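Visitor: Here is a sequence together with a model predicted from it:
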Amino acid sequence: MHIFLLVTVFKEKIFWLNNIICLILLWCYILDVCNPLMRMVFFHQAYFRYIVMVVVRRRWFQTPWEFRESSLGAALIVVAGFILQYATSGQGVPPLHLPLNAVILVLFAVLTLGVGLGFRENRLVQWLGGIPLGLSLIVALALLSLIGGVIPQGEVAPGSLPALLGVNQIFSSWPFALTVLLFLANLGLSLSWRLVPFSMKNIQFILFHAGFWIALSCGVFGSPDIQRLIMKVDEGGESNMAYSRESDSEQQLPFSVFLHDFSLEEYPPQLFLYDPRKNHALQELAKTTTLVHKGVKASWKGVAVEVLDFLPNALPGKNGIPEPADRTAGVAFAKVRITNTNAVPTYAWISSISPMMKPWAAPIGELLLVMAPGTPKAFRSDVTVRGESGQLVTATLEVNHPINVMGWKLYQMGYDDEAGRWSKYSLIEVIRDPWLPAVYLGFFMIMAGNVLFFWNGIKQKEVAS
Amino acid sequence: MNVDFNTAAKAAIGCWATGSLLSLFVRRTPILKLPALMLSFAGSLVMVGFIASYWSLLDRPPLRTLGETRLWYAALIPLVGFLVEYRWKIAWLKFYCMGLAAFFLVINMLHPEVFDKTLMPALQSPWFIPHVVVYLVGYVMLAASSVTALHNISLQLRSKGNVNGESVSHYLALLGFVLLTFGLIFGALWAKEAWGHYWTWDPKETWAFLSWLAYLGYLHACRYKIDRGKLQWYLALSFLVLLVCWFGVNYLPSARNSVHTYTQS
Ligand code: HEM
């Protein structure tokens, strides 16, 4: 990037001409960097008056190494990664588990610190820990993430080019792993020079860089140790078997889960106009209506609907009039008045649906007015977890409220979607991530650095104004 | 309490418009300075009031849909403009900010959102508000930084020296970076509680990481020997990455399985 610096002098009125010439020069330079003839031609143009070219004529690998060498280094590491990925037929990085990954990480950290402190004055080491390489690696990391952010991640046909290059699983591919490794080395070296000798002045730098180092390295090295399994537990039943998303083979857990009760709360139901011929709901009515409750009005192309009565839990009674029922059996009923532009109002009861009952709908011309069950508001499982040595934990699992037991985290994940609130089982995700505390330590260090950075930023602002 | 959005939006736009109009005459009639400022400020106050009443009406923070987040931008963006004028005596930014806020409100008037009280369980979390608000404010700062950078570029092209403008775009980017960092980490901590893992390389996460890297690059380039004047281009363009993260992710092929596209639910 510092191949040469173009400094244009914009004093003349035709500054845009200068810009164009600079662009052309740049282009020529890229096309034929070393063609002296070309350069001579341009240098002797009359426009040269307006253009001062400060050509930092650095040769390749002239010390100190800077952006040119750094970009090359970053590019090489990415290319090497892709070659490795291809050579291993797209298998990606083999997962290393505890304690091996921890040992390697510690050795890597010690090596980085040792090299950083032992060879401080070495030009190559300085380059390895310098900002130019850091910036190039940030760009490389960004480009790899860009691949992951644009190309859908997931399984593709093995043997296909995307699979061989790993672009469909970029974040566990060799190019990503090698780039991260070099990034960690770079970050670690720059860190070693600020850590020793220690000074409070450097605390913001240390918090940011060490925090990121810890979070990134532990996140990446620790990911093979994460276990994410799913349990299906029936109401009134107990299970200690779980399966993973990737493979259906079951696996035994060191604890069992007993499900006392699964319950689901819903938002109030919503009104829809349904077209039986086209078999889809017309959203227009839903857009103007709120959730169903007594007194709600909605209108749609000359049809006005008003909810006169609303029973959240009821069952069909005698003479077609629903009667309140208890929550486990009942569904929502609403009495509506439908007014068509030029007709007398009609009255009807409509209902939502349950596994035991078909919904009641009200015809409006060719369409049907239906009441869809409300979307889930909350769902929870009352469980008792029993460890292998007999210890018991009773708790309620809910979305956003996982529980910690015996080194595992239990999450309310799902239920029988078809049955909705009548679901007879609960899906519980059980997760173990032994590296989490380390990653969180990194997060909190970054946040602490952030607070300092913010504070200093504010202070510097006063200097600037 | 039900406040009509169109009324509130028109009132706010009216305040900003008359406020801006008055400030155009401030140089000739300095006495107008205070009323101009008050009026512009009142526009944002109207929006803050509307958000408060809308919040209580919905029974949940209005932060779920794009339309709802636009309300916050409309309230906050002009405030950044006022802050910059107060801090660095740069007056032009606030006009742009008020214009942008008005633009957001007009979009909302043209596309009334589905009136929907429901909030899916995963979003019912104490992390929801800090995560989104931090990001909102961060985006506002970085948008202002990018516009300031563009302004600096145009000054450069007209060969006007402008050290002050460059420090404005720098500090806005710095504050924006701080907020992005918080937003990213809050999001990770929340994801651990809600979905079981702090980082899954979901497309939205990936793009948030990319935008964060872009500004990380800026800060380090700035620390190195790279000329700040040139970095104005970088700042102006970084915002494009942020825009993809903000609006564009839903349209990318990778977004098929994103947990962040709530709107269908
Ligand atoms: C890739 C390797 C990296 C290297 C070689 C590197 C190196 C540096 C250096 C030498 C400085 C100047 C510090 C000073 O003058 O006090 C700096 C500043 C900074 N770095 Fe890094 N850094 C790297 C990655 C990161 C990462 C990943 C983060 C974020 C977590 C980060 C956040 C910061 C911040 C916030 C500053 C302060 C910027 C300023 O004061 O303007 N750096 N870095």
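Guide: Cool, the structure landed.
Visitor: so the residue nearest to residue B:188 when sequence neighbours are not counted is in which element?
Guide: Of all residues beyond its chain neighbours, the one nearest residue B:188 is residue B:198 (4.0 Å), with distances taken as Cβ to Cβ, 6 or more residues apart in numbering or on different chains. Quick note: C-beta positions are derived from backbone N, CA and C, even for glycine. Taking DSSP states H and E as the definition, one finds residue B:198 inside no helix or strand.
Visitor: The lowest-mean-pLDDT helix or strand in chain B and chain A, any residue contact?
Guide: The weakest-scoring helix or strand in chain B, judged by mean pLDDT, DSSP states H and E, is helix B:66-88 (a mean of 82). Yes. Helix B:66-88 is in contact with chain A by Cβ under 8 Å from any Cβ of the partner chain, via B:87, B:88.
Visitor: May I have that helix exported as PDB, CA atoms only?
Guide: Extracted in PDB, the C-alpha atoms of helix B:66-88 (Å, rounded to 0.1, in the frame of the first residue of the first chain):
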ATOM      1  CA  LEU B  66     -37.400  -2.000  11.600                       C
ATOM      2  CA  GLY B  67     -40.200   0.500  11.700                       C
ATOM      3  CA  GLU B  68     -39.900   0.700  15.400                       C
ATOM      4  CA  THR B  69     -36.200   1.200  15.400                       C
ATOM      5  CA  ARG B  70     -36.700   4.000  12.900                       C
ATOM      6  CA  LEU B  71     -38.600   5.800  15.700                       C
ATOM      7  CA  TRP B  72     -35.500   5.700  17.900                       C
ATOM      8  CA  TYR B  73     -33.200   6.900  15.100                       C
ATOM      9  CA  ALA B  74     -35.600   9.800  14.400                       C
ATOM     10  CA  ALA B  75     -35.400  10.800  18.100                       C
ATOM     11  CA  LEU B  76     -31.600  10.200  18.500                       C
ATOM     12  CA  ILE B  77     -30.000  11.300  15.300                       C
ATOM     13  CA  PRO B  78     -30.800  15.100  15.700                       C
ATOM     14  CA  LEU B  79     -29.500  14.900  19.200                       C
ATOM     15  CA  VAL B  80     -26.100  13.800  17.900                       C
ATOM     16  CA  GLY B  81     -26.200  16.800  15.500                       C
ATOM     17  CA  PHE B  82     -26.900  19.200  18.400                       C
ATOM     18  CA  LEU B  83     -24.100  17.500  20.500                       C
ATOM     19  CA  VAL B  84     -21.600  18.000  17.700                       C
ATOM     20  CA  GLU B  85     -22.600  21.600  17.300                       C
ATOM     21  CA  TYR B  86     -22.300  22.200  21.000                       C
ATOM     22  CA  ARG B  87     -18.900  20.400  21.200                       C
ATOM     23  CA  TRP B  88     -17.100  21.300  18.000                       C
END
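Visitor: so what secondary structure elements neighbour the helix or strand following that helix?
Guide: As assigned by DSSP H and E, the chain's next helix or strand after helix B:66-88 is helix B:92-110. The contact analysis (3 or more Cβ pairs under 8 Å, 6 or more residues apart in numbering or on different chains; DSSP states H and E) places helix B:92-110 against helix B:5-24, helix B:33-58, helix B:66-88, helix B:128-157.
Visitor: Just the strands from the stretch 351-465 of chain A, written as ranges.
Guide: For the stretch 351-465 of chain A, applying DSSP state E, counting those that start in this stretch gives strands covering A:362-364, A:367-372, A:376-387, A:392-398, A:403-405, A:408-415, A:425-432.
Visitor: can you tell me which of those strands comes nearest to residue A:312?
Guide: strand A:367-372 (11.4 Å; Cβ to Cβ).
Visitor: Name every strand pairing with the closest one and say which way it goes.
Guide: Within its sheet, strand A:367-372 is paired with strand A:270-275 (antiparallel), strand A:362-364 (antiparallel), according to DSSP bridges.
Visitor: Those strands: which one's closest to residue B:37?
Guide: Counting by Cβ to Cβ, and looking across all of those, nearest comes strand A:270-275 at 45.5 Å.
Visitor: coming back round to it: looking at the strands paired with strand A:367-372, which is nearest to the ligand?
Guide: strand A:270-275 (45.0 Å; Cβ to the nearest ligand atom).
Visitor: Quick check: mean pLDDT of the closest one?
Guide: With pLDDT averaged residue by residue, strand A:270-275 scores 80.
Visitor: Please apply the same query to stretch A:428-446.
Guide: Across stretch A:428-446, pLDDT averages out at 96.
Visitor: In the stretch 1-150 of chain A, what residue spans correspond to strands?
Guide: A:5-8, A:51-54.
Visitor: cool, the stretch 151-300 of chain A as well?
Guide: A:227-234, A:238-244, A:250-266, A:270-275, A:280-282, A:297-300.
Visitor: Give me the mean pLDDT for the shortest one.
Guide: Mean pLDDT, computed over strand A:280-282, is 62.
Visitor: From the ligand, how far out is residue B:55?
Guide: Per Cβ to the nearest ligand atom, to the nearest Å, residue B:55 is found 34 Å from the ligand.
Visitor: Please apply the same query to residue B:167.
Guide: Distance from residue B:167 to the ligand, by Cβ to the nearest ligand atom: 12 Å.
Visitor: Give the rounded mean pLDDT of the helix or strand encompassing that residue.
Guide: If you go by DSSP H and E, residue B:167 is part of helix B:163-195. For helix B:163-195, mean pLDDT is 91.
Visitor: buried sites along that helix?
Guide: By 16 or more other Cβ atoms under 10 Å in any protein chain shown, the buried positions in helix B:163-195 come out as B:165-195.
Visitor: Summarise which helices and strands it is packed against.
Guide: helix A:436-464, helix B:66-88, helix B:128-157, helix B:203-223, helix B:228-246.
Visitor: Does stretch B:180-187 reach the ligand?
Guide: No. On the criterion Cβ under 6 Å from any ligand atom, stretch B:180-187 is out of touch with the ligand, staying 7.0 Å away.
Visitor: Contacts for that stretch next, please.
Guide: For stretch B:180-187, the external contacting residues (Cβ atoms under 8 Å, 6 or more residues apart in numbering or on different chains) are A:443, A:446-447, A:450, B:127, B:130-131, B:134-135, B:138, B:142, B:205, B:208-209, B:211-212, B:215.
Visitor: So for residue 211, what pLDDT did the model give?
Guide: By default, I'm working from chain A. 98.
Visitor: I was thinking of chain B, sorry if that wasn't clear
Guide: As predicted, residue B:211 sits at a pLDDT of 94.
Visitor: and what of residue A:25?
Guide: You'll see residue A:25 listed with a pLDDT of 60.
Visitor: And for residue A:29?
Guide: For residue A:29, the predicted pLDDT is 52.
Visitor: One more: the one 4 residues further on?
Guide: Per-residue confidence (pLDDT) for residue A:33: 47.
Visitor: try the one 5 residues further on
Guide: The pLDDT attached to residue A:38 in the predicted structure is 47.
Visitor: how about the nearest residue to residue B:122 once chain neighbours are set aside, what does it touch?
Guide: Nearest non-adjacent residue to residue B:122, counting by Cβ to Cβ, 6+ apart: residue B:194, 4.8 Å away. By Cβ under 8 Å, 6+ apart, the contact list for residue B:194 reads A:399, A:400, B:122, B:125, B:127.
Visitor: what's the closest of these to residue A:192?
Guide: Out of those, the member with the shortest distance to residue A:192 (by Cβ to Cβ) is residue B:127, at 34.9 Å.
Visitor: That closest one and residue B:188 touch, don't they?
Guide: No. Shown here, residue B:127 and residue B:188 do not form a contact pair, counting by Cβ atoms under 8 Å, at 9.9 Å.
Visitor: How far off centre is stretch A:299-310?
Guide: 42 Å (Cα atoms, centre = their mean, to the nearest Å).
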